[in-house]
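A.B. asks: Here you go, sequence then predicted model.
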Amino acid sequence: MRKYSIGAVLLDKDNPRKVLGRTTQPIVSPSDEDREGYVPNVVYTCGALAHGRRLFMPYGVADSSVAFAFIELDELLSMMDFRI
């Protein structure tokens with residue numbers, strides 16, 4: 001069964017068509033207890049909010065609930081591959 005996860009990309013500020021980096025692994029993926037619901041094995045978001053050096057991201061889980069993720073921006077950047 002497919003598993004839909006959330007990753008991140010860093011786009012050029014002046015030319016957003018240019019991808020500067022992207023995560024090679026998901027930053028959020030369904031856990032075992034999140035596998036059941038109307039649409040199982042799915043996490044999705046409509047965006048995130050930067051607060052200081054931390055990213056706050058609400059996300060939907062299996063179309064049945066909402067959860068929240070926090071990640072430090074430096075940690076997120078360290079997860080990115082810039083050799084694109």
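C.D. replies: That came through fine.

A.B. asks: all strands of this structure, in order?
C.D. replies: With strands called from DSSP state E, the chain shows them at 9-11, 19-23, 43-44, 49-51, 54-61, 65-72, 80-81.

A.B. asks: Just checking, which helix or strand of this protein averages the lowest pLDDT?
C.D. replies: Of all the helices and strands that make up the chain, strand 43-44 has the lowest average by mean pLDDT, DSSP states H and E, namely a mean of 86.

A.B. asks: counting contacts, what elements does that strand pack onto?
C.D. replies: Under the contact criterion of 3 or more CB pairs under 8 Å, 6 or more residues apart in numbering; DSSP states H and E, the helices and strands touching strand 43-44 comprise strand 54-61. Every C-beta, even on glycine, is put in place using the N, C-alpha and C of the backbone.

A.B. asks: Strand 65-72 and the strand it packs on, what's the angle between them?
C.D. replies: For strand 54-61 against strand 65-72, the angle by axes from the mean of the first three to the mean of the last three CA atoms, to 10 degrees is 160 degrees.

A.B. asks: Tell me where the model's unsure across the protein.
C.D. replies: 1, 33-38 (pLDDT under 70).

A.B. asks: again, 80 this time
C.D. replies: For the chain, residues meeting the criterion pLDDT under 80 lie at 1-3, 31-40, 63-64, 84.
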